[in-house]
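# What shape does this take:
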Amino acid sequence: MPLLQQTIEQIQGIDRQIEADARKYIDSLAKPPQSLGKLETLAIQLSAITGERFPKIDQKAMIVMAADHGVYEEGVTPNPQSTTVFQTLSFPKGTTGMCTIAKVTNAKVVTVDVGVKEDLPPDAGVIIKKVKYGTDNMAKGPAMTREEAIRAIEVGIEVTTEEIKKGINLIGTGEMGIANTTPSAAVLAVFYGCDPLEVTGFGAGVGSGGIEFKAEVIRKAIELNQPNADDPIDVLAKVGGLELCGMAGIFLAAAANRVPVVVDGYISLVSALAAYKLNPHVKDYIIPSHQSEEPGAKIAADLLGIEPMLQMNMRLGEGSGAALAFPILDAACSMVSNMVTLEEAAAILTK
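Just a heads-up that it's a prediction; the model follows:
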């Protein structure tokens, strides 16, 4: 059985009885019920995912998928495409914005070349899983073939599964690819059934034509390629990106292995939405991080039915918001593991 199909079929929903038991236990702690708000919700979700009353997330990893985009040639961004290579090589060095945040919790950073336009040095610390040298220009034809999209998803599955086998028990999603807010907006516009302008934002910078031109490029690509909104792989193949596919694979593998996965901002949310459409149980394993400044981010989160916990006015990408959420998850685990129950507190006072 192909890896993608096998992974999709392996995903099951969380244990609702464990979820109920965790809620009951947290309500018994020495505090007013629900007084710690989202911290309690997170602790309950982590228990339900892991099956443990006292969940452990002491082995963290940010998995970064890197790829280039053929639509870059349309002038949707002023940033040089070579930035993808430069930044991809910077992740193993720990010098990117996300990496500096990940260091706070000693999270491992795993960098994957799923479709960078250039060949990277073999000793650069990047896992080379290149499906192709960037997507084709979706404004002139499909971004990739269906087979290439499936292969890119499977790259995400393979890398994530391997990290879980090594002991990783909390994953965050990251990406790198100049112009990748353009395919993200295209995929979301198809899933949401809206005009691209509604979900198109500034990204890391728009070309001289502005957001309206960027939206028009996306509109042209959708009209040309006619992606089927009911077929997530068709959408990803025709107007998506290789790193979007790779991140969709991360979500699928995490859910299949019952490991919590923190979603970053706009691009990660769109990838999570694609994974959710392949198997709705994926949602149970997704932990939100921040509300991206990109206009489509809230729409993608709403379609997923999740609510970002942080409002930090961030739009860097890379997985920066996911890494920033890691300490909050540590706090949720500490709360449930170290706080006494009301009964225990009363017993201490009566001694």
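
# distance of A107 from I26?
Distance from A107 to I26, counting by C-beta to C-beta, to the nearest Å: 25 Å. C-beta here means a position set from N, CA and C on the backbone, and glycine is covered the same way.

# The closest residue to R258 other than its chain neighbours: neighbouring residues, count only.
Leaving aside its sequence neighbours, R258 sits nearest to I49 (C-beta to C-beta, 6 or more residues apart in numbering; 5.9 Å). Residues within reach of I49, counting by other C-beta atoms under 10 Å, total 26.

# repeat for V282
The burial count for V282: 25, using other C-beta under 10 Å.

# Tell me if I am right that it is in a helix.
Yes - remark: V282 belongs to a helix, assigned using DSSP: H, G, I helix; E, B strand; the rest coil.

# what sits against it?
11, 251-252, 255, 272, 275-276 (C-beta atoms under 8 Å, 6 or more residues apart in numbering).

# quick one on the thing from earlier: mean confidence score for the host helix or strand of the residue nearest to R258?
In the assignment (DSSP states H and E), I49 maps to helix 38-50. Helix 38-50 carries an average pLDDT of 97.

# again with stretch 311-327
Here the average pLDDT along stretch 311-327 is 94.

# Alpha carbons only: can I get that stretch in PDB?
The C-alpha trace of stretch 311-327 is given here as PDB (Å, rounded to 0.1, in the frame of the first residue of the first chain):
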ATOM      1  CA  GLN A 311      -1.700  37.600  19.000                       C
ATOM      2  CA  MET A 312       1.800  38.900  18.400                       C
ATOM      3  CA  ASN A 313       1.500  40.700  15.000                       C
ATOM      4  CA  MET A 314       3.900  38.300  13.400                       C
ATOM      5  CA  ARG A 315       4.200  37.300   9.800                       C
ATOM      6  CA  LEU A 316       7.700  36.000   9.500                       C
ATOM      7  CA  GLY A 317       6.800  32.400   8.900                       C
ATOM      8  CA  GLU A 318       9.600  29.800   9.200                       C
ATOM      9  CA  GLY A 319       7.600  28.200  12.100                       C
ATOM     10  CA  SER A 320       8.400  31.200  14.400                       C
ATOM     11  CA  GLY A 321       4.900  31.200  15.900                       C
ATOM     12  CA  ALA A 322       4.900  27.500  16.500                       C
ATOM     13  CA  ALA A 323       8.300  27.700  18.300                       C
ATOM     14  CA  LEU A 324       7.000  30.600  20.400                       C
ATOM     15  CA  ALA A 325       4.100  28.400  21.600                       C
ATOM     16  CA  PHE A 326       6.400  25.700  22.900                       C
ATOM     17  CA  PRO A 327       7.000  27.300  26.300                       C
END
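
# which of the residues in that stretch are buried?
Neighbour counts over stretch 311-327 (16 or more other C-beta atoms under 10 Å) mark 314-326 as buried.

# now do stretch 119-127
Result for stretch 119-127 [16+ other C-beta under 10 Å]: buried residues 120, 124, 126-127.

# before we move on, what about stretch 211-227?
211, 213-219, 221-222, 225, 227.

# which ones are touching the nearest residue to F91 once chain neighbours are set aside?
Counting by C-beta to C-beta, 6+ apart, F91 lies nearest to T111, which is 4.1 Å off, once chain neighbours are set aside. Contact analysis of T111 by C-beta under 8 Å, 6+ apart lists 64, 66, 88, 91-92, 125-127.

# Fine, thanks again, bye for now.
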